[in-house]
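K.L.:
Next come a sequence and a model predicted from it.
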Amino acid sequence: MSTTDDQPSALVRAIAEIEQHVRDDGWDQPARLYALAPTADLLSREPALAADIGIEPGASPDSLTPIEQDVAGRPIEDLLLEITWPETVTGCALVLERIVLPPGAEEQMPDEDGAAARWAAQHPDRSDVRVVVGVLRDGRRASALRIRGHEADDELVLGAELSPELGNALAETFQ
């Protein structure tokens, strides 16, 4: 985790804020995509919008404001191949829920995708996880992981590379 004087970086704070927002909406959600804009820029360029979404004028000068994007149910894999960001967007973040199976379970999984998904969803030893991955234009990354049933604030796992593949896919949206 990137810190300065033991304070989380703006990106880490934004990722944690996104996870808390999504957590408040419960589980079994589709993928959610966020633009990350510098809060100070948003306040100066769009003061009415900033007020509408509850940004305080005294916000930390290095903070980032997550702005949820309408993905209209599109497969996230397709969207990430096509999306581009305006220069005013400093970073982006993606929230995904996945099923994690115990080691060796894949050997018993059916080959057909639909059957495999149903099998995994019904596996007695599965864990449901939510991962939030964020990247900045300059290459910095942060991510958060929550396991269903572990909803307390101190049970959120933070790290730079909890899902490198997702981080790489998000970074490519800035190319």
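P.N.:
Happy to help now that I have it. What you see is a predicted model; the values in this text were computed from it and never measured.
K.L.:
From now on I want contacts and neighbour counts done on CA atoms only, so please keep to that.
P.N.:
Will do.
K.L.:
pretty sure residue 173 is in contact with residue 78, am I right?
P.N.:
No - if you go by CA atoms under 8 Å, residue 173 and residue 78 don't touch, sitting 11.7 Å apart.
K.L.:
and those two? which has more neighbours close in?
P.N.:
More crowded of residue 173 and residue 78, by other CA atoms under 10 Å: residue 173, with 18 against 9.
K.L.:
Give me the distance between the more buried one and residue 39.
P.N.:
Counting by CA to CA, to the nearest Å, the separation of residue 173 from residue 39 is 21 Å.
K.L.:
right, and the secondary structure at the closest residue to residue 151 other than its chain neighbours would be what?
P.N.:
Once flanking residues are discounted, residue 151 sits nearest to residue 23: 7.8 Å by CA to CA, 6 or more residues apart in numbering. Assigned by DSSP: H, G, I helix; E, B strand; the rest coil, the conformation of residue 23 is helix.
K.L.:
Adjust the sequence numbering to begin at 18 for everything that follows.
P.N.:
Sounds good: first residue 18 from here, last item residue 40.
K.L.:
chain center to the helix or strand containing residue 33, what's the gap?
P.N.:
In this assignment (DSSP states H and E), residue 33 forms part of helix 27-41. Chain-centre distance of helix 27-41: 8 Å, with CA atoms, centre = their mean, to the nearest Å.
K.L.:
Alpha carbons of it, as CSV, please.
P.N.:
Provided in CSV are the C-alpha atoms of helix 27-41 (Å, rounded to 0.1, in the frame of the first residue of the first chain):
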residue,chain,number,x,y,z
ALA,A,27,-5.2,9.3,-2.5
LEU,A,28,-5.7,6.2,-4.7
VAL,A,29,-5.9,3.9,-1.7
ARG,A,30,-8.4,6.2,-0.1
ALA,A,31,-10.5,6.3,-3.3
ILE,A,32,-10.4,2.5,-3.6
ALA,A,33,-11.6,2.1,0.0
GLU,A,34,-14.3,4.7,-0.5
ILE,A,35,-15.6,2.8,-3.6
GLU,A,36,-15.6,-0.5,-1.8
GLN,A,37,-17.5,1.0,1.1
HIS,A,38,-20.1,2.5,-1.3
VAL,A,39,-20.5,-0.8,-3.1
ARG,A,40,-20.6,-2.8,0.2
ASP,A,41,-23.6,-0.6,1.2
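K.L.:
Output stretch 50-59 in PDB with nothing but the alpha carbons.
P.N.:
Only the C-alpha atoms of stretch 50-59 are listed here, as PDB (Å, rounded to 0.1, in the frame of the first residue of the first chain):
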ATOM      1  CA  LEU A  50     -16.600   1.100 -13.400                       C
ATOM      2  CA  TYR A  51     -15.400   4.400 -12.000                       C
ATOM      3  CA  ALA A  52     -13.500   7.400 -13.400                       C
ATOM      4  CA  LEU A  53     -11.100   9.000 -10.800                       C
ATOM      5  CA  ALA A  54     -10.900  12.700 -11.100                       C
ATOM      6  CA  PRO A  55      -8.800  15.100  -9.000                       C
ATOM      7  CA  THR A  56     -11.200  16.500  -6.400                       C
ATOM      8  CA  ALA A  57      -9.600  20.000  -6.600                       C
ATOM      9  CA  ASP A  58     -10.100  20.100 -10.400                       C
ATOM     10  CA  LEU A  59     -13.700  18.900 -10.100                       C
END
